[in-house]
Every structure is written in structure tokens, then in C-alpha cells.
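Q: Here you go, sequence then predicted model.
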Amino acid sequence: MTLLDPRHNSIVHRTPFYYGWVIMVIGTFGLIATSPGQTPSVSVFVEHIITDLGLSRSLVSTLYTIATLIGSLALPFVGRQFDKRGPRRTIALISLAFGCATIYMGFVRGPWLLLFGFIAIRMLGQGSLQLVSSNLINNWWVRRRGIILGVAGMLAGLVELGAFPALINGLIGLFGWRMTWVALGSALLLVFLPVSIAFVRNQPEEFGLEPDGGTGPQPPSKAATYAAEQNWTLAEARRTPVFWISAAGMATIAMLGTGQMFHNVSIFLDNGLDPALAAALFLPMAATTASVNLVSGILVGRVPVRYMLAVGLLFQGLALWMALYLVSVAAVWMYAVVIGVFHGMGRTTRFVLWPTYFGRKHLGSIAGVGTAFLIAGSALGPMPFGIARDLLGSYDLTFRVVSLAPFVLAALTIFVRPPRKADEIAVGLDNLHRR
């Protein structure tokens, strides 16, 4: 990307430091703002929805699965709009729609209205806002992308897994579940929406800047990094093996990880453990996820990103095997750490892999398709585990069989060749291959 006809912007140019740091804060805020559409937060409402609407647990679970699948279908379109219209307009429109959808959840009366609400918050929150917030950061950072997204993911993960569900539980106790939805949606409209309109800017090149804060001619090490950034279209990316293997790897982590956590209490009961331990699992898991998110972000650029995805897959397979042998509290804590490792690695990988391999120009389109696979995987995860448990009477055979998938994909990920373009210059080749 070149600096052609840079625009003057008073906010960008009067900021006494590189404006990418502001973008990092806004992007992190955006990742946190997805929380009302994420499963940890929605799960706090489930019991109240079941009781108030008089619905069965199986029906609500089925509606949630269908909604997540339908919501994932919109992400390729959202990605294209991100490329076409830019982050500023896209984030504003998504924030507006997500805020309204969250408020709507406070007024649902019956299964069909609930299904529509689930579709809206999953599509706009878990999917769209998360996609555009991470890609916004990717637009402003290249060399330090890993550490920036590592910090953003760590902070967002701690809030999403820890603080936000507790906040929602407290608000429900004070105001009821319906008004809590209204309060969350109002906060999106009154806080995040105006902040995003005021401070989001599309790309540094529009303002005469380079990613990571450079202006004008760059030192050789930095110039090599930008020269190595090859911009692929979605059609070109889809013709590379690494695109499909990476998408399959991230979808597998999402699918098996979600399925495993969804049936967590049942897994503990099968091992003869107190179900209360299942709730205690979240503390060490959240701490490990946040730590691994940060450390893996620091390692991006030093360790090829496909190796990091492979490590996440290996720990996913290990977690499935460990679930069969939870015989003590110590084993449970080790199990929580292993789950935290693959969640942390998975979060970092899904944020940095697409721009690392395919550049920033068509990032929205490429990441939109990749994220659609990931979310569809997470939606499908609980169902096969539950069916297999009912038919076979235990998880043993199921876990042993499905654990083969992450191990096989880890091997493929390690050995798959990173994407190359025939016209890459020599300085770019070296740098890209190390990634």
C-alpha cells in the first residue's frame, strides 16, 4: 500500500502519538462490546428466558444453535462491506443494529421472536462486531500486530469470560432480565456507537502514515516487512491449501471446544466429580486463556503463525483425552489450563492469520469467510456430543474418535506451504516464509 493523496484529519494529526494506539483502544472496546452476543453472557439469561417464556431447555438450545448457524451466513457479506465501505462506516452501522437488537431481546414473547433475537445478536455481536473490530486493528498494525492483538484479546477475554457475566447477573437481580437487555443495548447506542463514529478511521495510508507509526522512507527492516505484505483477493486465497487447512483448523477448535464446554457438567458427573467443580473451572481457564493470548501475541512474527495454530490443535486433542480421566481436583486444574491454552492460541491465531498470509487490502472478505466457518463450527459443536452421549451412554468412544481430527489437522498445518505469489520480490519472500 502506498501513500497516495493523503488526507488531513484534525484528530489524527493533532494526536501527539501514533493514532494506531487510539485504534487499538477502540478495537479492544469493540471486542468487549460484543459480550451481549457471546455465549458466556447469553447463558446468564437462559434460565430466566426458559421460566418466563415457558419454553423447554431443549427448544431454547435448538433455537440458539439454529440462530448461530444462520448468523454465520452473513459474515462473508459483512467482510465485503468492510473492504468496500471501510471500517468507520461498517462499525457504526453494525453498532447501531446490534444495540437495537440487544434492546429487542428485552421484549421477546415466544419462540419465534426469541429465534429472531438470537439470530440478530449472534450475527451482529459474536460475528460481525468481533470481525470488524479485530480487522480495524489489523489495518493499523503490521509489524507489532501480534502483541497489539494479544493485549486486546487478553483484555476482551477477561471481560467476556469473567466480568461481564457477573455484571449481567447483578443487573438481573436489580432490574430483571428484560430491563438488563435494554440497559446493555442502550449502553451500546449511547457509548460505543458515538465513540466509534468520533474516533474510528479507516487506514493509516489515508492520512500519510504507515502502519505501526512510520512516515516517509522506512529503515530496511521495516521496509522488508511492508514489502512482504502481499494482498490477495478472496478468490486467490481460496485457491491455496493453507486457506482451507487454516479455516478447518480454527473451525475444529471452535466446534470441539464449544461442544466440550457445553457438556462440561455432564463430563464431570461421568467422572464421579462434584458438578460445582465445573463452575470452578472457569477461573484458571480464563487466567490461562488471557496469559496465552498475550504471550502468543508477543511470539507472532518470531514463530510462524501456522505453528501456533498447530499447537492450539494439539492442546485441543489433549483436552479431549484428559476429559476421560478427571479423577482429582489436581487433574481438573490441569484440564482447565490445557483448555485455556488452546482457547488462547485459537483467539490469537484467528485474529492474525488472515492478514499475515493474505494482506490487508481484501482482509474483510477473506476473514469474513474464515470467521463464518469458525462460528458455524461453534454452533454445531454441542449437538453431536449430546446425541452420542445419549446413544452410547458415555463420552469415551466419541472423545477418542473426534480427538483424531485436531491431531491430523495439526500435522497438516505444520507441513502446509505458506501462500506465495509468483511476483514476490526477494526481500519479501524471506520475511513471509518465516511467518
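A: Great, that's in hand.

Q: Nearest residue to Leu124 in space, please, no chain neighbours.
A: The shortest distance from Leu124 to any non-neighbouring residue, by CB to CB, 6 or more residues apart in numbering, is to Phe98 (3.9 Å). Any C-beta I mention is one placed from the backbone N, CA and C, and that applies to glycine too.

Q: correction: Arg109
A: Leu53 (7.3 Å).

Q: Hmm, Trp112 and the one you found touching each other?
A: No - contact criterion CB atoms under 8 Å: Leu53 and Trp112 do not qualify, at 11.1 Å.

Q: which of the two has more neighbours?
A: Leu53 (15 against 10; other CB atoms under 10 Å).

Q: contacting residues around the more buried one?
A: Val108, Arg109, Gly110, Pro111, Leu114 (CB atoms under 8 Å, 6 or more residues apart in numbering).

Q: just Phe164 next, same as before
A: Contacts of Phe164 by CB under 8 Å, 6+ apart are Ile32, Ser35, Gln38, Pro40, Ser41.

Q: okay, now the second one: neighbour count?
A: The tally of other residues near Ser35 (other CB under 10 Å) stands at 23.

Q: ok, the closest residue to it other than its chain neighbours to Leu158 distance?
A: Of all residues not flanking Ser35 in the chain, Phe164 sits nearest, at 4.3 Å (CB to CB, 6+ apart). As judged by CB to CB, to the nearest Å, Phe164 and Leu158 stand 9 Å apart.

Q: name the helices or strands packed onto the longest helix along the chain?
A: Of all the segments assigned as helix in the chain under DSSP state H, the longest by residue count is helix 329-358. Judged by 3 or more CB pairs under 8 Å, 6 or more residues apart in numbering; DSSP states H and E, the packing partners of helix 329-358 are helix 130-140, helix 145-158, helix 234-238, helix 241-262, helix 276-280, helix 282-299, helix 305-322, helix 363-380.

Q: Just the angle for it relative to helix 363-380, thanks.
A: 150 degrees (axes from the mean of the first three to the mean of the last three CA atoms, to 10 degrees).

Q: Could you pull up the mean pLDDT of helix 329-358?
A: Helix 329-358 shows a mean pLDDT of 90.

Q: Among the contacts of Leu53, the buried ones, what's the ChimeraX command?
A: Command for ChimeraX that selects the buried part of the contacts of Leu53, burial taken from 16 or more other CB atoms under 10 Å:
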select :108,111,114
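
Q: Just the contacts of Leu53: which are in helices?
A: Per DSSP H, these map to helices at Pro111, Leu114.

Q: out of the contacts of Leu53, who's nearest Gly173?
A: The closest of these to Gly173 turns out to be Val108 (CB to CB; 20.2 Å).

Q: and the residue nearest the centre of the chain, how far is that from Leu281?
A: When CA atoms, centre = their mean is applied to the chain, the residue found nearest the centroid is Arg347 (5.7 Å). Remark: distance between Arg347 and Leu281 (CB to CB) = 18 Å.

Q: now swap in Thr233 and tell me
A: For Thr233, the distance to Leu281 - CB to CB - is 43 Å.

Q: Looking at these two now, which is surrounded by more residues?
A: Leu281 (20 against 15).

Q: contacting residues for the more buried one?
A: With CB under 8 Å, 6+ apart, Leu281 has these contacts: Asn264, Val332, Tyr335, Ala336, Ile339.

Q: which residue sits closest to the third one, ignoring its sequence neighbours?
A: Okay, so that is Tyr335. Using CB to CB, 6+ apart, the closest residue to Tyr335 is Met322 (4.9 Å).

Q: got it, and Leu189?
A: Nearest non-adjacent residue to Leu189 (CB to CB, 6+ apart): Gly99, at 3.8 Å.

Q: what about the stretch of helix or strand the one you found belongs to, distance to the chain center?
A: Under the criterion of DSSP states H and E, Gly99 resides in helix 87-104. Distance, stretch centre to chain centre, for helix 87-104: 18 Å (CA atoms, centre = their mean, to the nearest Å).
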